[in-house]
Structures are given as C-alpha cells and as structure tokens.
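Enquirer: would you be able to build a 3D model of this:
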Amino acid sequence: MKTQAMKKSATAKAESPSRLIDARIEELDDWRGKTLSHVRALIEQADPEVVEEWKWRGVPAWSHDGIICTGETYKSVVKLTFAKGASLEDPSGLFNSSLEGNTRRVIDIHEGETVDAGAFKALVKAAVALNGSPAKKR
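Expert: Residues are numbered from 1 along each chain as shown. So this is what the prediction gives:
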C-alpha cells in the first residue's frame, strides 16, 4: 500500500497541472466532469493567460497574479470557490454558497444546472482585475 501511494504521489508531482485536470475530468466520466470541463473552458475564454494549478493534493485551481478560483467536485455538486469572491460584484447572482464570509464566495452547480456563461466570464475577468493584472486590450 505504501509503495502504491508513493508511486501515485511521485506521478502527480511529475505531471503538469493541466494534465492532472484533464485526468480528473476523464475519471469523473459523468455530469461533474462535463461541468468542470465547461467551466474550465469559460475560464480560459475569459482569461487566455490563466495558469492552471493542482492544489492541496487534488484540487484544480486557476490563477492569474493570485488564485481566481478552485474547482472541487463532490458526489452531488461542482463547487467553484472564488478566493476573493466577497470583493467581487455579482450582479447576476451567480454566487449561491458561502455568502456569509468576508473573503471567498462559491458557485455550487448541481446536476442539470447550468451557469450563465457571460456572467461567469465577467466574474472571472473581475477576479483577474482584482488580483492586480493589467487590463488587456482585446
């Protein structure tokens, strides 16, 4: 058992975060994988310079001059936690969890639910701006 855990750990360290996220999406093979893949694409559309990371032993994360959000998957929810979400304007009301805190905000997506792509990309762009990135001309 110990050898297997060590091999898994060594493999995780050797693989790029993007490949680890690819593998997570593939291993889920259900609505959670499709949802994670969809929001990942929206994040990349909103910020083509986003950096994918693999945090805390298995949590996909996206950053640009600081963490934008993480994408955890549970049995009944895909949880997108915005690190500085409490400081972001959310006129579309995407944040629906962890609303009482002073720092982070969460978008919980359940099976059959969708996220408003335009509002989500605007939230990602606002998070990047809040992290101190210079505005991009597109």
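
Enquirer: stretch 75-87: how far from the chain's middle?
Expert: 8 Å (C-alpha atoms, centre = their mean, to the nearest Å).

Enquirer: which residues does that stretch contact?
Expert: Contacts to stretch 75-87, defined as C-beta atoms under 8 Å, 6 or more residues apart in numbering, come from residues 32, 35-36, 39, 66-73, 88, 95, 97-98, 101-111, 123, 127, 130-131. Yep, even glycine has a C-beta here, placed from its N, CA and C like the rest.

Enquirer: quick check: buried residues in it?
Expert: The neighbour-count check on stretch 75-87 (16 or more other C-beta atoms under 10 Å) flags 77, 78, 79, 80, 81, 82, 83, 84, 85, 86 as buried.

Enquirer: what's the span of that stretch, first residue to last?
Expert: 29 Å (C-alpha to C-alpha, to the nearest Å).

Enquirer: swap in stretch 76-86?
Expert: End to end - C-alpha to C-alpha - stretch 76-86 spans 24 Å.

Enquirer: pull up the pairing partners for the longest strand along the chain, direction included.
Expert: Counting residues, the longest strand in the chain under DSSP state E turns out to be strand 67-73. Strand pairing for strand 67-73, using DSSP bridges, gives strand 59-63 (antiparallel), strand 78-82 (antiparallel).

Enquirer: how far does it sit from the chain's center?
Expert: 3 Å.

Enquirer: quick revisit: format the strands paired with strand 67-73 as JSON lines; extra columns: mean pLDDT and distance to residue 24.
Expert: As requested, these are exported to JSON lines (pLDDT from 0 to 100; distance: least, C-beta to C-beta, whole Å):
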{"stretch": "strand 59-63", "mean pLDDT": "96", "distance to residue 24": "6"}
{"stretch": "strand 78-82", "mean pLDDT": "97", "distance to residue 24": "11"}
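
Enquirer: can you give me the mean pLDDT across stretch 109-126?
Expert: Stretch 109-126 carries an average pLDDT of 97.

Enquirer: first-to-last residue distance for it?
Expert: Using C-alpha to C-alpha, first and last residues of stretch 109-126 are 20 Å apart.

Enquirer: now do the buried residues in it.
Expert: Residues of stretch 109-126 classed as buried: 109, 115, 120, 121, 122, 123, 124, 125, 126 (neighbour count, 16+ other C-beta under 10 Å).
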